[in-house]
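Enquirer: here is the input, now give the coordinates:
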Amino acid sequence: MTVVSPELSLDPDQRAPGDVTHFWRVPRHRGLECLRATFRRHSYARHSHETYAIAAVLSGCETFFYRGEQHYAGPGSVAVVCPDEIHDGAPHGDGFEYRTFYPSVELMREVAEDVAGRPLLSPPWFSQAIISDPDLARAHARLHACLCHDDIGTSEMEQDVRLVAYLSLLIARWAELDAPPSLSYGPKGIARVRDYLDAHLDQEAELSVLAAMAGLSRSHFIRAFQKETGLTPHAYLLDRRFRAARRLLERGETPGIVAATCGFFDQSHLNRVFKARMGITPGAYRAA
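Expert: Numbers count the residues shown, from 1 in each chain. Below you'll find the model as predicted:
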């Protein structure tokens with residue numbers, strides 16, 4: 001099996017009893033990532049992914065902010081976050097246990113085209129953040145267990161069949177094809193600042209310079225930027241640094257090199273930012 005699955009825990013200063021994560025990757029499915037976790041106290045900072053995030057809650061309740069609303073996902077539901085969309089996540093009540101897949105845009109498009117029987121103009125889009133579909137949630141959990149390193153009795157072919165069947169079911173029942181909303185970043189001034197930050201991740205930027213670039217006062221710029229992107233300029237820069245760090249770690253770069261390349265103060269800063277968005281350390285993510 002081409003699955004690596006070290007058992008991982010959050011660092012002691014962030015961990016409450018029962019906060020545990022297990023992370024692994026299935027390379028042959030375009031780097032599909034899998035996370036198995038129980039969170040009693042750990043909360044995710046607001047961030048985005050280049051992939052989809054598809055999670056099924058097995059017990060308890062997770063709450064997360066997404067598309068301007070606070071959502072609550074319990075057992076029998078599947079939560080879907082589309083690529084590039086801002087979200088967070090936290091335990092509600094006594095915590096929750098869940099299973100998450102991070103399929104790439106390419107993988108989802110391939111399966112969606114198989115479902116549609118034709119080429120698609122764009123990847124599948126999901127209008128609902130929480131899908132109440134117990135059958136789908138059970139299929140999600142079974143697939144996750146099938147792909148887990150503990151299930152040594154499952155062949156790769158069986159894993160592949162189950163994965164395609166699950167994603168096909170999800171897309172056929174709940175996805176919208178060829179009609180995704182465009183992610184607009186508003187006025188040209190805000191888009192110009194966003195492009196500048198994306199191109200200069202390793203540098204610090206002054207608020208006054210960014211505001212001038214957008215043609216706005218500092219206070220107006222902060223409000224406009226947050227309205228259009230869902231994040232303050234500083235939080236947006238951290239999010240883009242996190243995403244760049246994730247790509248470099250996937251390629252095998254060491255956390256120290258990644259921290260310097262992506263503009264973090266030091267490796268400890270990278271660790272804090274990364275764990276707040278992935279639930280695991282950069283070193284553990286790289287090891288997988």
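
Enquirer: point out where this structure drops to low pLDDT.
Expert: Under the criterion pLDDT under 70, the flagged ranges of the chain are 1-16, 149-153, 179-186.

Enquirer: can you tell me which residue is spatially central in it?
Expert: For the chain, the residue nearest the mean C-alpha position is His49 (4.1 Å; C-alpha atoms, centre = their mean).

Enquirer: show me what contacts that residue?
Expert: Val81, Pro83, Asp84, Tyr102, Arg243 (C-beta atoms under 8 Å, 6 or more residues apart in numbering). Where you see a C-beta, it was placed from the backbone N, CA and C, and this is true even at glycine.

Enquirer: try it again at 10 Å.
Expert: His49 is in contact with 33, 81-85, 87, 102, 104, 239, 242-243, 246, 277-278, counting by C-beta atoms under 10 Å, 6 or more residues apart in numbering.

Enquirer: likewise for Ser132?
Expert: Counted by C-beta under 10 Å, 6+ apart, Ser132 has contacts Ala73, Gly74, Gly76, Ser77, Val78.

Enquirer: tell me which two of these sit farthest apart.
Expert: Of all pairs drawn from these, the one with the longest distance (C-beta to C-beta) is Gly74 and Val78, at 11.0 Å.

Enquirer: coming back round to it: which SS state does the residue nearest to the centre of the chain fall under?
Expert: coil (DSSP: H, G, I helix; E, B strand; the rest coil).

Enquirer: quick one: the helices in the stretch 101-250 of the chain?
Expert: 105-116, 134-147, 156-174, 188-199, 207-214, 218-229, 233-250 (DSSP state H, counting those that start in this stretch).

Enquirer: hey, which of those helices is tucked in deepest?
Expert: By mean neighbour count, with neighbours taken as mean count of other C-beta atoms under 10 Å, helix 233-250 ranks first of those at a mean of 20.

Enquirer: show me how far that helix is from its chain's centre.
Expert: 12 Å (C-alpha atoms, centre = their mean, to the nearest Å).

Enquirer: what's it packed up against?
Expert: On a contact count with 3 or more C-beta pairs under 10 Å, 6 or more residues apart in numbering; DSSP states H and E, helix 233-250 meets strand 44-47, helix 188-199, helix 207-214, helix 218-229, helix 255-261, helix 267-278, helix 282-287.

Enquirer: list the contacts for the closest residue to Gly283 other than its chain neighbours?
Expert: With sequence-adjacent residues excluded and distances taken as C-beta to C-beta, 6 or more residues apart in numbering, Gly283 is closest to Pro255, at 5.6 Å. The neighbours of Pro255, taking C-beta under 10 Å, 6+ apart as the test, are 245, 248-249, 264, 267-268, 270-271, 274, 281-283, 285-286.

Enquirer: so how far is Ala129 from Pro255?
Expert: Remark: distance between Pro255 and Ala129 (C-beta to C-beta, to the nearest Å) = 32 Å.

Enquirer: Cys34: how many residues sit nearby?
Expert: The number of residues packed near Cys34 is 22, by other C-beta atoms under 10 Å.

Enquirer: and it, which helix or strand is it part of?
Expert: Per DSSP states H and E, Cys34 falls inside strand 32-39.

Enquirer: again with Asp88
Expert: Per DSSP H and E: strand 87-102 holds Asp88.

Enquirer: and that strand with helix 267-278, angle?
Expert: 80 degrees (axes from the mean of the first three to the mean of the last three C-alpha atoms, to 10 degrees).

Enquirer: show me what strand 87-102 pairs with in its sheet, parallel or antiparallel.
Expert: According to DSSP bridges, strand 87-102 forms sheet pairs with strand 32-39 (antiparallel), strand 44-47 (antiparallel), strand 53-66 (antiparallel).

Enquirer: quick one on the thing from earlier: only whichever of the contacts of Pro255 are buried, select them in PyMOL.
Expert: In PyMOL syntax, the buried subset of the contacts of Pro255 is picked out as below (16 or more other C-beta atoms under 10 Å):
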select buried, resi 245+248+249+264+267+270+271+274+281+282+285+286
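
Enquirer: Ala235 is nearest to which of the strands paired with strand 87-102?
Expert: Set against Ala235 and scored by C-beta to C-beta, those come closest in strand 44-47, at 6.5 Å.

Enquirer: brilliant, that's me finished.
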